[in-house]
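S.K.: Any chance you could fold what I've pasted below:
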Amino acid sequence: MTGGENDQFRPSEPLTRAQMSAVLTRAFDLGADREVEFRDLNHLHWAYDEIAPVVTNYISTGKGDGSYSPNEQVTRAQFSVFMARAINEDYRTSSTNETFYGGEWTFDGIRIGDSAEELQRLHGDPEQVLDSEYGFRWYVYHDDWDRYIQYGIEDETVVAVLTPQERWRSTNDISKGSSKSAVREQLGSRNQ
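M.R.: This next block holds a predicted model:
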């Protein structure tokens with residue numbers, strides 16, 4: 001731990017999620033094998049380079065709403081979970097709550113950046129259209145929970161996708177729920 005501004009350690013202050021990430025990244029000499037994307041985090045954040053390794057090593061997943069909440073305080077229980085995951089890979093998660101933009105991922109045949117026209121050509125009219133707090137509209141498609149998916153549309157373009165199901169696909173046969181060994185077999189490890 002390096003302390004803060006003006007060479008002050010501030011021992012009585014709580015730890016934030018960003019600070020927790022910095023501590024674990026430094027303590028375990030973690031590296032990131034890709035960039036991470038959360039709606040409230042970008043490369044200009046002071047701890048981005050410490051947060052990315054904690055996320056890409058599946059020690060911290062981010063929040064369920066697609067944020068990382070870097071300034072949120074970490075409880076002692078949360079820190080214990082993060083520490084256990086850093087020490088033992090068996091406790092690590094298999095996915096994150098990142099907001100993936102673009103790339104080679106498709107969601108039921110639709111990519112971020114596809115047109116709303118293409119979405120409706122493939123899937124028809126949505127069951128619901130809801131306003132998002134982020135300025136776009138959610139086109140919600142579902143027959144039941146097993147088929148739930150929603151696409152964020154802004155300026156007639158798909159800008160977001162939300163689905164908890166097995167709807168993610170990649171051009172390299174990796175999908176949501178793929179085992180760590182399958183991912184390593186397809187993509188290699190960060191050490192290769």
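
S.K.: Kindly confirm whether my reading is correct that Asp33 touches Thr56.
M.R.: Yes: counting by C-beta atoms under 8 Å, Asp33 does reach Thr56; the two are 5.5 Å apart. The way it works is simple: take the backbone N, C-alpha and C, and place the C-beta from them, glycine included.

S.K.: Looking at those two, which one has more neighbours?
M.R.: Neighbours around Asp33 and Thr56, counted as other C-beta atoms under 10 Å, are more numerous at Thr56. The numbers are 18 against 14.

S.K.: quick one: the more buried one and Ser21 touch, right?
M.R.: No: Thr56 is not in contact with Ser21 according to C-beta under 8 Å; the separation is 11.3 Å.

S.K.: pLDDT score for Glu89?
M.R.: On pLDDT, Glu89 comes in at 93.

S.K.: Quick check: it vs Phe28, distance?
M.R.: Glu89 sits 11 Å away from Phe28, taking C-beta to C-beta, to the nearest Å as the criterion.

S.K.: quick one, which of these two is more surrounded?
M.R.: With neighbours defined as other C-beta under 10 Å, Glu89 and Phe28 compare such that Phe28 has more, 15 against 11.

S.K.: pLDDT value on that one, please?
M.R.: Reading off the per-residue confidence, Phe28 sits at a pLDDT of 97.

S.K.: Report the secondary structure state of the residue nearest to it when sequence neighbours are not counted.
M.R.: Distance criterion C-beta to C-beta, 6 or more residues apart in numbering; nearest residue to Phe28, sequence neighbours excluded, is Ala86 at 5.1 Å. For Ala86, the secondary-structure state derived from DSSP: H, G, I helix; E, B strand; the rest coil is helix.

S.K.: Just list the residues touching Ala86, thanks.
M.R.: With contact taken as C-beta atoms under 8 Å, 6 or more residues apart in numbering, Ala86 is in contact with Leu24, Ala27, Phe28, Leu30, Val54, Asn57, Ile59.
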